[in-house]
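> I'd like to go over a predicted model; first the sequence, then the structure.
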Amino acid sequence: MTDTTLAVPLAGGDGHRTRAAGATVEFRALRRAFGATVALDGLDLTVRPGELLALLGPSGCGKTTALRMLAGFEHPDSGLVLVDGEDVTGVPAHRRDTGMVFQSYSLFPHLNALDNVAFGLRMRKVGAAERRARAAELLELVGLPDHGSRYPHQLSGGQQQRIALARALALRPRVLLLDEPLSALDAKVRLTLREEIRRLQQELGITTLFVTHDQEEALSMADRVAVMRGGRLEQCATPAELYARPATAFVAEFVGTMSRIPGRVVDGGTVEVLGRRLPVDGEAPAVAGGEVDVLVRPEAVRLSHDPAGRARVVATAFLGAVTRVTVTLPGGTPVKADLPTESAAALPPGSAVAVDLPDRPVLVAPRAA
Amino acid sequence: MTSSTTTLTGPAAAAAVPVRRHRSAGWIAVAPLLAFVALSFGAPALAMLGGAFTARDPATGATSYTTANFAASLHGAYLTALLGSVKLSAVSAGIAAVLGLLLAQAVVTSRFRALREAVLTASGVLANFGGVPLAFAFVATLGNSGVLTRQLGLARHGWDLYSFWGLTLTYLYFLIPLMVLTVTPALDGLRSQWREAAQNNGATGAQYWRHVALPVLAPSLLGGLVLLFGSAFAAYATAAAMVGSSVPLVTLQIADAISGNVLLGQENVALALSLDMVAVACLVMAVYLPLQRRSARWLD
């Protein structure tokens, strides 16, 4: 079975495209503990109308718990969930105006694709003819107009998630919730589907929360990305800002690739690293003379062939237009650098190189143990 | 951005060796099972079939083919007993299926692992607790002079263990645990995301059960129901020890006919009654299998 491309035949549709902008979602001081484990520790977050916000973080950071609270499957120990300013914290799940796509395929196995999509309409007592018509329209929306009679076991993973997406949209929810919907799919289908989900979300203008632990997925799809850690929000910003100006060392290292290079604080605003003095981006975490780590992206590291250089190339990885070169500094610290593939060809493993940084502010973090 | 990683590999993998299926080897493996089935099931079935349609002249000892045994098995007391067995089996299987499902669901959703293990272990024991010991246990507790009957004054309320409903209650004692054992794995297989997806689509708890859980469970429930029906239909010792002939059952009639308890020379009628039981079992399976196939199609 193959995945067809998502068609979005909304012109002249039943109003999906013309619906008002999505709802505002607010999490206020949400706290939830499971025994001794604190899943959410005072989460404050606002999702703007029509925005796709990705909740990103490592396993156990609370992102799925937050999503499930919005869906009504979990209830906070304290705090509020607001949709368009209305407190929905105590509203049962079946009365929440949200559509959800689950991580694993959650289609009902005894219903064909059309009946799966029409399930919510059936629960709302919509007439058979009307719900079949709307379900067919949604199947067309997700690019599977000819798959209505197929059962879930007759569909590929990507097709099942498209059907699940259509089912989630069937009741025209104010908020769409996506709980790692692509994680069970193979890489190629995942890439295609994430672009199509994004296009569909923009077409419908529906407020969307997207839970993922895949930073590339989050950065490529979301308007804003909320990075979570230990039940708390570390930073919520646009992908570009998150990458370029991470608020914390955790965000810096979690989003994208980052190398830690040993340095020493000269004064409150300057750090000495690789024999140079560079301005600190933000506040230095140590007093003058204190040892810190300077955090640098691979694209910010410059390498040059230097027979007298004390750093050594230890590995190269071809990434297409660029090649990622890993070098070790004299103390054994590994540093990654992205070089144009042509330039990297001159630096085979074992080469002696000089490592340099551009003359701009750098992020510093306490020295790793 | 795409990446490619060069992986050092060892020696090339050995060429795949085509696997040939030796049908003869397969048949040899299954031959003991086939021989066992032929001996333990096929031979008695053939003997029963032959005997059901055979009459023996008491004077000459000559045998002839006849449908008289079969006709007799479907008349009078024999027919009443056959219908009584079907009714008892259907009622007790139906009640046990409902109660067993509820108990299994309570066990599956329980937070207490010890409770689950205790119930499943007890079910494993009780599902095999039948025959005369079970009858004695019920007579001692709920019989005319049973402990509970006297203490609770059940006789004043019309309680009679040696009746249809008394026998039904006794059968439930092993049928409910059997249902728990049958349906628990199926309930474990119900994915929590189906419930959540249903809720997310506006379904209440009752709607989830009606539109999702029960249809998904249908093959297991049907299978369990057939198993319970068959178990109750074939039960003999409990009923024989407890109610004798006060509740007409086909298994008791077969025993009476073979032993000459009422009339002599009814052995071939007993075989015809046995054939009736096989026919009822086949009928139940004929209803069950298409339903099971239909509902199992989407669970492939």
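Thanks, I have the structure now. Residues are numbered from 1 along each chain as shown, chains lettered A, B, ... in the order given.
> and the closest residue in space to B:N201 that isn't next to it in sequence, how many neighbours?
Nearest residue to B:N201, sequence neighbours excluded (CB to CB, 6 or more residues apart in numbering or on different chains): A:G120, at 3.4 Å. Bear in mind the C-beta positions are built from the backbone N, C-alpha and C, glycine included. A:G120 has 26 neighbours, counted by other CB atoms under 10 Å in any protein chain shown.
> A:G120 contacts A:L169, correct?
No - using CB atoms under 8 Å, A:G120 makes no contact with A:L169, being 9.5 Å away.
> what's the single longest helix in chain A?
If you go by DSSP state H, chain A has its longest helix at helix A:187-204.
> check which element follows that one along the chain.
Once the chain leaves helix A:187-204, the next helix or strand it forms, by DSSP states H and E, is strand A:207-212.
> gap between that next one and the chain center?
Averaging C-alpha positions (CA atoms, centre = their mean, to the nearest Å) puts strand A:207-212 8 Å from its chain's average.
> residues contacting it, please?
A:22-25, A:47-56, A:63-64, A:66-67, A:70, A:174-183, A:201, A:218, A:221-222 (CB atoms under 8 Å, 6 or more residues apart in numbering or on different chains).
> just the ones of those in strands?
Using DSSP state E, the members of the contacts of strand A:207-212 that fall in strands are A:25, A:47, A:52-56, A:175-179.
> ok, and the closest non-adjacent residue to A:S351?
Distances taken as CB to CB, 6+ apart place A:V313 nearest to A:S351, at 4.5 Å, with adjacent residues excluded.
> on that earlier part again, show the buried residues in the contacts of strand A:207-212.
Buried subset of these (neighbour count, 16 or more other CB atoms under 10 Å in any protein chain shown): A:22-25, A:47, A:49-56, A:63-64, A:66-67, A:70, A:174-182, A:201, A:218, A:221-222.
> got a list of what the residue nearest to A:S351 touches?
Residues counted as contacts of A:V313 (CB under 8 Å, 6+ apart) are A:303, A:325-327, A:347-351, A:353.
> so for it, what's the pLDDT?
Note for A:V313: predicted pLDDT of 94.
> which element is the single nearest residue of the stretch 51-200 of chain A relative to chain B on?
Closest residue of the stretch 51-200 of chain A to chain B, CB to the nearest CB: A:G120 (3.4 Å). Element membership for A:G120, per DSSP H and E: helix A:119-123.
> now do A:F27
strand A:25-34.
> other SSEs contacting that strand?
Applying 3 or more CB pairs under 8 Å, 6 or more residues apart in numbering or on different chains; DSSP states H and E, we find strand A:25-34 packed against strand A:37-47, helix A:63-71, strand A:78-83.
> quick one: buried residues of it?
A:25-28, A:30-32.
> any idea which of those is closest to chain B?
Of all the buried residues of strand A:25-34, chain B sits closest to A:V25, with 15.6 Å by CB to the nearest CB.
> what's near enough to touch the closest one?
With contact taken as CB under 8 Å, 6+ apart, A:V25 is in contact with A:46-47, A:70, A:81-83, A:175, A:207, A:209.
> which parts of chain A sit against chain B?
Taking CB under 8 Å from any CB of the partner chain, the part of chain A that reaches chain B is made up of A:71-73, A:92-96, A:98-100, A:102, A:104, A:106-111, A:119-120, A:122-124, A:151-153, A:164, A:167-168, A:170-171, A:317-320.
> list only buried entries from those residues.
Using 16+ other CB under 10 Å as the burial test, these include A:71-73, A:93-94, A:96, A:98-100, A:102, A:106-111, A:119-120, A:122-123, A:151-152, A:164, A:167-168, A:170-171, A:317, A:319 as buried.
> can you tell me which of those end up in strands?
Counted as lying in strands by DSSP E, out of those, are A:98-100, A:317.
> burial of B:D188, as a residue count?
11.
> where's it relative to chain A, distance?
15 Å (CB to the nearest CB, to the nearest Å).
> and the angle from the strand holding A:F27 to strand A:37-47?
Angle between the axes of strand A:25-34 and strand A:37-47 is 180 degrees (criterion: axes from the mean of the first three to the mean of the last three CA atoms, to 10 degrees).
> strand A:25-34 pairs with which strands, parallel or anti?
strand A:37-47 (antiparallel), strand A:78-83 (antiparallel) (DSSP bridges).
> please save the CA atoms from that strand in CSV.
Taking C-alpha atoms only, strand A:25-34 is exported to CSV below (Å, rounded to 0.1, in the frame of the first residue of the first chain):
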residue,chain,number,x,y,z
VAL,A,25,-5.6,27.7,25.1
GLU,A,26,-4.1,28.5,28.5
PHE,A,27,-2.4,26.3,31.0
ARG,A,28,-2.2,28.1,34.4
ALA,A,29,0.0,26.8,37.1
LEU,A,30,-0.8,23.2,36.2
ARG,A,31,0.5,20.6,38.7
ARG,A,32,0.2,16.9,38.5
ALA,A,33,2.0,14.2,40.5
PHE,A,34,1.8,10.5,40.0
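> next, the angle from that strand to strand A:52-56.
Angle between the axes of strand A:25-34 and strand A:52-56 is 20 degrees (criterion: the same axes, to 10 degrees).
> contacts for stretch A:352-361 next, please.
Residues from elsewhere that reach stretch A:352-361 (CB under 8 Å, 6+ apart): A:261, A:273-274, A:276, A:278-281, A:294, A:296, A:300-313, A:327, A:329, A:335, A:337, A:347.
> filter the residues you listed to the buried ones?
In those, burial by neighbour count holds for A:261, A:273-274, A:278, A:280-281, A:294, A:296, A:300-301, A:303, A:309, A:311, A:313, A:327, A:329, A:335, A:337, A:347, counting by 16+ other CB under 10 Å.
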